[in-house]
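1. Fold the following, please.
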Amino acid sequence: MPPILIHLPTQAPSHPQQDTGYPLGQIHALTDLCVFQATGIDAISFLQGQITNDIAGATSAQSRLAGYCTAQGRLLATMILNTPTVSTGQDPVVLGLIRQDLTASVLKRLNMFVLRAKVKLAPSELKVYGVKTTNEQLPGLQKLLGTSLPTATWETIHSESGMWICAPSVKGLRWWWVATETQLNSHQRLIDACESRPTDEWNAQDIESGLPWIDSTVQDLFIPQTVNLDLINGVSFTKGCYPGQEIVARSHYRGTLKKRMARGHVEGATQLKPGVDIFDNRQPDQPCGRIINIAHSANVTSLLFEITFEAMDHNVIRAGTPEGLQIALDTLPYELQPSKS
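-> Okay, here's the model as predicted:
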C-alpha cells in the first residue's frame with residue numbers, strides 16, 4: 001500500500017469566511033524533530049535515572065523539558081518527554097521529542113545502560129508539527145479541532161487528533177502537535193485552515209522564547225545551567241541521581257557558574273552555524289562562548305549563545321572571530337542570573 005502523504009499549503013487557502021474564520025493560525029512541518037518511544041514496565045523508572053528532570057511525578061497532562069548528560073555533566077541532548085495514560089494491563093510508555101540528527105546516537109547510548117531493565121527504546125513513526133495562533137484565532141481553531149487546547153507552557157492533551165504540547169511563547173500561543181499520519185489525514189481540514197510557514201520561523205520563535213535545543217553540532221559542550229535549563233524548568237535538584245548529576249548540582253549549590261545563555265541577533269542573512277565561537281573584543285585572544293542555536297531569515301539571523309557574564313555586561317560581542325559580525329543582545333522572557341548558592 002503506497003504511503004499516505006500530507007500536503008501542507010504553501011500559503012493561506014482562500015476559504016470562504018465561515019464562522020471559524022481563516023486562516024486559523026500558522027503551521028510548521030518540524031522535520032528537524034523526531035519522536036522516540038520507550039516502552040516497558042521499567043520505561044519511566046529507567047528514563048528517570050537518565051535525565052535531568054522528574055518525569056516520575058508527571059501526569060499525561062504535564063510534559064517535561066529535560067537534558068541528557070555525560071558523566072561529566074555535559075549535554076548530549078535536550079528533549080521534551082511525556083508519559084501518556086495507557087489502558088489497564090498495558091506497559092507504560094514514554095514519548096520523547098529530540099533533534100532528528102541525535103536520535104540514533106542517543107538511543108544507542110541509552111540502550112547501553114538498559115541492562116536488566118524491562119524497557120525498549122526506538123524511534124517512532126509519529127510526526128511533529130508546530131502550530132501557532134493568536135488569542136483571537138484560538139476559538140476557531142478549537143472548534144475545528146473539536147477540543148480545547150492547553151494554554152499554559154508544558155500542559156498537554158491527548159485527543160483523537162494526537163498529542164498537543166503547549167510550547168513556550170512570547171507572542172500568541174504555540175503547540176507541538178505530535179500525530180500519526182492517519183491522525184493528520186483525518187484532520188486535513190485543520191491543516192488547510194492554517195498558513196504553512198518555514199521551519200526556521202518556528203525555530204526563531206523557540207529562540208525568542210529562550211528554549212535551547214542541543215543538536216549534533218553542539219553535543220558535549222554545555223552543562224544544563226549554561227543553556228539555562230534550570231531557569232525554564234528543565235532541571236530538578238531533588239529527583240535523585242542521573243549521569244552528571246554531581247557536576248550539575250555542584251554548579252548550582254556552590255554558585256560557580258560563570259556563563260549563561262543569552263539571546264541576540266545579527267542584521268541580515270549570514271553563514272553562521274551552531275558551535276561557532278563568540279568573542280568579547282576586549283579579550284580577543286580566546287572565545288567567551290559559542291553559538292547554541294540559530295535561525296536564519298532574509299533580514300535577520302537570530303541566535304542563542306553561551307557567553308560569560310563579563311562579556312555580556314561589556315556588550316561588544318562578535319561572532320566567529322574577534323573582528324567578526326557584531327551580535328546585538330536581545331532580552332529573554334525570563335531573568336538571567338548566576339546559579340544560586
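
2. and the residue nearest the centre of the chain, how far is that from D313?
-> The centroid of the chain falls nearest to W213 when counting by C-alpha atoms, centre = their mean (5.2 Å). Separation of W213 from D313 (C-beta to C-beta, to the nearest Å) stands at 27 Å. C-betas here are computed from N, CA, C, even on glycine.

3. Buried residues in the helix or strand of the chain with the lowest mean pLDDT, which are they?
-> In the chain, no helix or strand scores lower on mean pLDDT, DSSP states H and E than helix 245-253, which sits at a mean of 89. For helix 245-253, a neighbour-count test (16 or more other C-beta atoms under 10 Å) marks 245, 247-248, 251-252 as buried.

4. Generate a markdown table for these, with distance to A104 as supplementary columns.
-> A markdown table is the format used below for the buried residues of helix 245-253 (distance: C-beta to C-beta, whole Å):
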| residue | distance to A104 |
| --- | --- |
| Q245 | 25 |
| I247 | 26 |
| V248 | 25 |
| S251 | 30 |
| H252 | 31 |
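
5. and I157, what does it touch?
-> By C-beta atoms under 8 Å, 6 or more residues apart in numbering, I157 lies in contact with 61, 147-150, 163-164.

6. which ones are touching the nearest residue in space to T59 that is not next to it in sequence?
-> Closest residue to T59 apart from its sequence neighbours, by C-beta to C-beta, 6 or more residues apart in numbering: T83 at 7.4 Å. Neighbouring residues of T83 by C-beta under 8 Å, 6+ apart: 44, 55, 58-60, 92-95.

7. Only whichever of these are buried, select them in PyMOL.
-> Restricted to buried positions by 16+ other C-beta under 10 Å, the PyMOL selection for those reads:
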select buried, resi 44+55+58+60+92+93+94+95
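
8. What about the contacts of T83, which are in strands?
-> 93-95 (DSSP state E).

9. Closest to R74 out of those?
-> Taking C-beta to C-beta as the measure, R74 sits nearest to V94 out of those, at 23.0 Å.

10. And the pLDDT at that closest one?
-> pLDDT for V94: 98.

11. pretty sure it is touching L47, no?
-> Yes - here V94 reaches L47: they are 5.6 Å apart, a contact under C-beta atoms under 8 Å.

12. what about the nearest residue to A249 once chain neighbours are set aside, distance to S251?
-> Excluding its sequence neighbours, the residue lying closest to A249 (C-beta to C-beta, 6+ apart) is F237, at 6.3 Å. Distance, F237 to S251, using C-beta to C-beta: 11 Å.

13. How about M112?
-> 26 Å.

14. Can you get me a residue count around P284?
-> P284 has 12 neighbours, counted by other C-beta atoms under 10 Å.

15. How about S87?
-> 5.

16. same thing with G210?
-> The number of residues packed near G210 is 22, by other C-beta under 10 Å.

17. now for whichever strand or helix holds A328, which elements pack on it?
-> Here A328, judged by DSSP states H and E, is contained in strand 325-330. When contacts are defined as 3 or more C-beta pairs under 8 Å, 6 or more residues apart in numbering; DSSP states H and E, strand 325-330 sits against strand 259-267, strand 317-319.

18. hey, which of those is tucked in deepest?
-> strand 317-319 (a mean of 23; mean count of other C-beta atoms under 10 Å).

19. partners of that strand in the sheet?
-> strand 277-280 (antiparallel), strand 325-330 (antiparallel) (DSSP bridges).

20. picking up where we left off before, in the strand holding A328, which residues are buried?
-> By neighbour count on 16+ other C-beta under 10 Å, the buried set for strand 325-330 is 325, 327.

21. Tell me which strands the helix or strand containing I292 pairs with, and in which orientation.
-> Using DSSP H and E, the element containing I292 is strand 289-296. Strands flanking strand 289-296 in the sheet, each with its direction: strand 277-280 (antiparallel), strand 300-308 (antiparallel) (DSSP bridges).

22. Closest one of the buried residues of helix 245-253 to A122?
-> Taking the buried residues of helix 245-253 together and measuring to A122 by C-beta to C-beta, the closest member is Q245, at 26.0 Å.

23. Now do the same contact list for that closest one.
-> Counting by C-beta under 8 Å, 6+ apart, Q245 touches 52, 69, 73.

24. How many neighbouring residues does the second one have?
-> A total of 24 residues lie near C69 under the criterion other C-beta under 10 Å.
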